[in-house]
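**Student:** Pasted the sequence and its predicted model underneath.
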Amino acid sequence: MSISAPGSIWLVGCGNMGAAMLRRWIAAGIDPASVTAIDPYTAAVPDGVTLLRQAPADGAPDVLVLAIKPQQLGAMPPLGGPGTLLISILAGVEEATLAARFPVRAVVRAMPNLPVSIGKGVVALHGAQADAAARATADLLMAPLGRVEWLADEGLFHIVTALSGSGPGFVYRFIDALAQAGTALGLPEDQALRFAIATVEGAAALADGAGAGPAELADRVASPGGTTRAGLDVLDRDAGLMRLVRETLDAAARRSAELAEAARNA
Ligand SMILES: NC(=O)C1=CN([C@@H]2O[C@H](COP(=O)(O)OP(=O)(O)OC[C@H]3O[C@@H](n4cnc5c(N)ncnc54)[C@H](O)[C@@H]3O)[C@@H](O)[C@H]2O)C=CC1
Ligand SMILES: O=C(O)[C@@H]1CCC=N1
């Protein structure tokens, strides 16, 4: 997929996620000269991208992408102008909070996840006041990052942030657990990790477009009286895995709501 920049872009915060999105945009064909990264600490940006240690005192971009930590919002000057589209990836921080702080034309919230750096991320979008042009620009910028879907309701961001925003972190824990269990049972450590990663990658790829839900796919792996059923019986005992994952998402979603409240009061 090749795209051209929708005008000038200021990327405020070029850490893990900001840099991941930027790398993907450049790979997708956005002219690096159209991007200014603003970050007091980041080590480097891709060739051709302008790096500033603080935001310019005047001027405004066509698109302002906010990728700082939610806790850093209070220190932000009121960037943007009447023609600017603000896209924020800040966990929890609400559109109304952003609109009150930044004098922009439109606000779109986005919740990406780390695999956007290889174009296999998930990006959820919402913009209650965003017009068709703003939504089209957001779609254009997010398309190279992976699966992009608009949310029907801004309140759903807490759940999406827990599921797909934080989700890679939870999946990495599962991969680690698979690998460590394999190692504990006697496999060489590096081989156990390679097999765990390839198993999760292959299982996810197969589930996408398999025409069957994950429960049915699990049954297809589990031969009656076989090894998988013996293992699934452990995961399913007292709905153990289901409960653990539910509590995990609950905790993450609750934290998102706390971040929203803190930003409202910042
Ligand atoms: N890491 C992830 O997987 C995801 C993160 N997010 C959101 O992305 C945002 C950034 O998260 P990360 O990239 O993980 O954090 P990070 O700490 O890696 O990046 C934040 C960047 O902001 C810079 N920064 C600090 N103060 C600044 C200022 N005054 N002006 C400009 N830049 C400043 C820091 O130097 C750093 O490079 C957060 O709001 C988070 O909720 C959303 C989805 C996934
Ligand atoms: O942990 C966080 O707060 C951010 C938001 C989703 C993923 N990372």
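**Tutor:** Ah, there it is. Ligands and ions are numbered 1, 2, ... in the order given.

**Student:** Tell me the residue of the stretch 151-266 of the chain that sits nearest ligand 1?
**Tutor:** For the stretch 151-266 of the chain, the residue positioned closest to ligand 1 under CB to the nearest ligand atom is Gly165, at a distance of 4.4 Å. Heads up, the C-betas are built off the backbone N, CA and C, glycines and all.

**Student:** How many neighbouring residues does that residue have?
**Tutor:** For Gly165, the number of neighbouring residues by other CB atoms under 10 Å comes to 26.

**Student:** try Thr50
**Tutor:** For Thr50, the neighbour count with other CB under 10 Å is 13.

**Student:** Would you mind giving both backbone torsions of it?
**Tutor:** When quoted as degrees, to the nearest 10, the phi and psi of Thr50 stand at phi -80, psi 130.

**Student:** Isn't His126 up against Arg109?
**Tutor:** Yes. Applying CB atoms under 8 Å as the test, His126 and Arg109 come out as touching, 5.1 Å apart.

**Student:** Between those two, which contacts overlap?
**Tutor:** Shared contacts of His126 and Arg109 (CB atoms under 8 Å, 6 or more residues apart in numbering): 95, 154, 157.

**Student:** Which of those residues has the largest number of neighbours?
**Tutor:** Highest neighbour count within the shared contacts of His126 and Arg109, by other CB under 10 Å: Phe157, with 26 neighbours.

**Student:** ok so, going back, quick one: which of the shared contacts of His126 and Arg109 sit in strands?
**Tutor:** Taking DSSP state E as the definition of strands, those contribute nothing to them.

**Student:** Can you tell me which of those residues end up in helices?
**Tutor:** 95, 157 (DSSP state H).

**Student:** mind giving me a markdown table with the shared contacts of His126 and Arg109 and columns for pLDDT and distance to Ala133?
**Tutor:** Supplementary listing: these in a markdown table, determined by pLDDT from 0 to 100; distance: CB to CB, whole Å:
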| residue | pLDDT | distance to Ala133 |
| --- | --- | --- |
| Glu95 | 98 | 17 |
| Glu154 | 98 | 20 |
| Phe157 | 98 | 23 |
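
**Student:** wait, what's in contact with Gln129?
**Tutor:** Under the criterion of CB under 8 Å, 6+ apart, the neighbours of Gln129 are 95, 99, 106-107.

**Student:** give me that answer again for 10 Å
**Tutor:** 95-96, 99, 105-108 (CB atoms under 10 Å, 6 or more residues apart in numbering).

**Student:** where does it land in three-state SS?
**Tutor:** For Gln129, the assignment made with DSSP: H, G, I helix; E, B strand; the rest coil gives coil.

**Student:** Report the separation between it and ligand 1.
**Tutor:** Look at Gln129 and ligand 1: by CB to the nearest ligand atom, to the nearest Å, they are 21 Å apart.

**Student:** Not including adjacent chain positions, what is the nearest residue to the residue of the stretch 151-266 of the chain closest to ligand 1?
**Tutor:** Nearest in space to Gly165, with sequence neighbours left out and distances taken as CB to CB, 6 or more residues apart in numbering, is Met111 at 4.7 Å.
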